[in-house]
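Colleague: Build the 3D model from these lines:
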Amino acid sequence: MKEKPGPQSEESDLRRFARGTQLRLIIGGLLILLVVGNGLIRWIYGASALWMSLLCSFAGLAPIVLIVFFLWVMERIVERDRRD
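Modeller: Below is the predicted model:
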């Protein structure tokens with residue numbers, strides 16, 4: 001017989017689900033922004049403007065990606081220290 005999961009396991013499942021959902025929403029939003037936004041720029045202004053819009057898009061996303069990366073690294077360090 002399977003035991004009924006306790007409140008801790010249900011809570012962690014919901015957190016894992018929420019984290020995955022948020023990640024998928026962020027990735028989907030960025031893809032829509034890049035594909036649709038840069039596609040419209042390419043369609044209206046041409047290929048040379050597309051390259052500039054891609055450069056600006058990645059330059060604008062770089063600080064956000066760096067901040068998220070450093071927060072992720074700090075979280076891993078804290079989790080490792082908690083286990084010890």
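
Colleague: all contacts plus neighbour counts: C-alpha atoms, from now on.
Modeller: Fine.

Colleague: what are the ranges of the helices in this structure?
Modeller: Taking DSSP state H as the test, the helices found in the chain are 7-32, 38-45, 47-83.

Colleague: Of those, which stretch is the most buried?
Modeller: Most buried of those by mean neighbour count (mean count of other Cα atoms under 10 Å) is helix 38-45; its value is a mean of 15.

Colleague: Show me what that one is packed against.
Modeller: helix 47-83 (3 or more Cα pairs under 8 Å, 6 or more residues apart in numbering; DSSP states H and E).

Colleague: contacting residues around the residue lying closest to Gly39 once chain neighbours are set aside?
Modeller: Taking Cα to Cα, 6 or more residues apart in numbering, and ignoring the residues beside it in sequence, Gly39 has Leu50 as its nearest neighbour in space, at 7.7 Å. By Cα atoms under 8 Å, 6 or more residues apart in numbering, the contact set of Leu50 is Asn38, Gly39, Ile41, Arg42.

Colleague: Just the pLDDT for the first one.
Modeller: Here the pLDDT value assigned to Asn38 is 94.

Colleague: ditto for Glu10
Modeller: pLDDT for Glu10: 66.

Colleague: likewise the one 3 residues further on?
Modeller: The predicted local distance difference test score for Asp13 is 86.

Colleague: just Ala59 next, same as before
Modeller: Note for Ala59: predicted pLDDT of 95.

Colleague: any idea how far Gly29 is from it?
Modeller: Per Cα to Cα, to the nearest Å, Ala59 is found 17 Å from Gly29.
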